[in-house]
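Trainee: Model the following, please.
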Amino acid sequence: MDQQDQQQTVAENSKPKKSAVREMLESVVIAVLLAAVIRLFILEPFFIPSGSMEPTLMIGDRIIVSKVTYHLRDPQPGDVVVFKFPLDPSRDFVKRLIAKGGDTVEIRNSVLYVNNKPVEEKYLPKGLKFQDFGPRTVPPGHYFMMGDNRNNSDDSRVWGFLSKDLIIGKAEIIYWPLDRIRLVK
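Mentor: Model (predicted):
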């Protein structure tokens, strides 16, 4: 070992070493900060308390919602969206986006029409019957939302259109219960 290596070793040994407690505390603080950043800006878990989205989402399902998706693209018809309830923003709702600003929505004989074209809704149970509605045109910057359980859903047919600024994010994954783990479609 030459003199320079010896001086470096002496300098390293003379530095005060962090205690194990301090290192653990720093790790915990970093982990908490990362978790907070992820939850505030990227992903957030939600619990499904009602049957308004059955059969897609069942009572008790736990989902992961992407808060980033709609910063990269606009919400699209067919997306399952979590949002602040327009009549009480302290409550979170989850519904399927049916139509966006400028679209006209109508239900006739249990068939959904957007801009006078029938919408194929593979996610609905076969033979489901629900009331006629509309036609109603969605204003710019707003969305028309409906639950998949059409006969048991408090949605845009009742409370009107959803403003874009109330959207939290896109439902991406069911992660609980284990036998229902899947992408939300």
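Trainee: residues near Glu54, how many?
Mentor: Counted with other CB atoms under 10 Å, the neighbours of Glu54 add up to 17. Yep, even glycine has a C-beta here, placed from its N, CA and C like the rest.
Trainee: Now do the contacts for it.
Mentor: 148-149, 152 (CB atoms under 8 Å, 6 or more residues apart in numbering).
Trainee: what does Met146 give?
Mentor: 95-96, 98, 112, 153, 155-157.
Trainee: ok, 10 Å please
Mentor: Taking CB atoms under 10 Å, 6 or more residues apart in numbering, we find Met146 in contact with 52-53, 95-99, 105, 107, 112, 121, 124, 130, 133, 153, 155-157.
Trainee: Could I get the pLDDT score of Lys126?
Mentor: If you check Lys126, the pLDDT there is 82.
Trainee: of the contacts of Glu54, buried ones?
Mentor: Taking 16 or more other CB atoms under 10 Å as the criterion, what is buried in the contacts of Glu54 is 148-149.
Trainee: In this protein, where's the longest strand?
Mentor: Using DSSP state E to define each element, the chain has its longest strand at strand 88-100.
Trainee: Name the nearest residue to Phe133, sequence neighbours excluded.
Mentor: In space, Phe133 comes closest to Ile107 once its chain neighbours are excluded; the distance is 4.1 Å by CB to CB, 6 or more residues apart in numbering.
Trainee: The one you found bridge partners, please.
Mentor: Leu112, Phe133 (DSSP bridges).
Trainee: Thought Asn151 was touching it, still the case?
Mentor: No: applying CB atoms under 10 Å as the test, Ile107 and Asn151 come out as separate, 12.0 Å apart.
Trainee: more neighbours, these two?
Mentor: It is Ile107, of Ile107 and Asn151, that has more neighbours when counted by other CB under 10 Å, with 19 against 10.
Trainee: check contacts around that one.
Mentor: By CB under 10 Å, 6+ apart, the residues touching Ile107 are 98, 113, 119, 130-135, 146, 150, 157.
Trainee: From Val81, how far off is it?
Mentor: With distances taken as CB to CB, to the nearest Å, Ile107 is found 20 Å from Val81.
Trainee: what do you get for Arg157?
Mentor: Relative to Val81, Arg157 is positioned 16 Å away (CB to CB).
Trainee: again with Phe161
Mentor: From Phe161 across to Val81, the span is 13 Å (CB to CB).
Trainee: Common neighbours of the two, please.
Mentor: The contact sets of Phe161 and Val81 overlap at 143, 145 (CB under 10 Å, 6+ apart).
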